[in-house]
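*Asks:* take a look and give me a structure for this.
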Amino acid sequence: MKMSKGKVVGFIHSGITVKSLENALDFYVNILGFELLSTQVAKSDYIFDIVEIPGLQEIKIAFVQIPGGHVIEILEYVGIDTYSGSARSCDYGTGHICLRVENLDAMFEELTAKGIKFKSKKVANITAGANKGSKAVYMLDPDGYIIELMEKSKTKI
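*Replies:* Sure thing, here's the model as predicted:
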């Protein structure tokens, strides 16, 4: 049922929770080439009202931008016990981001040589569906969050 009073009017950002903001920024900015837009430490009362996590001291936050415009908020929760949310891609509550890339085969080799972990054993050629003719692979960030890398087909199918 559609809402009668409010409505979605746009998209602002995606968020990824990490164990170490410093490690995450090294990965997303220095390895993947995202642009660091800003960092902050959130300690204001409103943040505690939003997340409702007893004992939370602060959240270290960085905003990064993917080439092409999408913004990702990277968050490190401080002062409480945290646990990995890493799961299989088929488990509900799991998410991923998909990045459009060029020269995926070479990128896969380079990232593998740098020690980046992948769920996929190799780059897959997409043979059916909306992305037929493209290539894709599932990679993991330092905390196990799934990142799909996709090289779109150069021909319209």
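
*Asks:* contacts and neighbour counts: CA atoms only from here.
*Replies:* Noted.

*Asks:* I'd like the next helix or strand past the longest helix seen in the chain.
*Replies:* In the chain, taking DSSP state H as the definition, the longest helix is helix 104-113. Using DSSP states H and E, the helix or strand that follows helix 104-113 in sequence is strand 124-125.

*Asks:* where in this protein is pLDDT low?
*Replies:* 156-157 (pLDDT under 70).

*Asks:* just the helices in it please.
*Replies:* Under DSSP H, the chain gives helices at 21-25, 45-51, 104-113.

*Asks:* to Gly95, which of the ones you listed lies closest?
*Replies:* The minimum distance between Gly95 and the helices of the chain falls on helix 21-25, with 16.9 Å, by C-alpha to C-alpha.

*Asks:* still on that earlier bit, quick check: buried residues in the longest helix of the chain?
*Replies:* 104, 108 (16 or more other C-alpha atoms under 10 Å).

*Asks:* now render the helices of the chain as CSV, adding distance to Ala128.
*Replies:* Formatted as CSV, the helices of the chain follow (distance: least, C-alpha to C-alpha, whole Å):
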stretch, distance to Ala128
helix 21-25, 34
helix 45-51, 41
helix 104-113, 19
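
*Asks:* of all those, which lies closest to Leu75?
*Replies:* Leu75 lies closest, by C-alpha to C-alpha, to one member of the helices of the chain: helix 21-25, at 6.8 Å.
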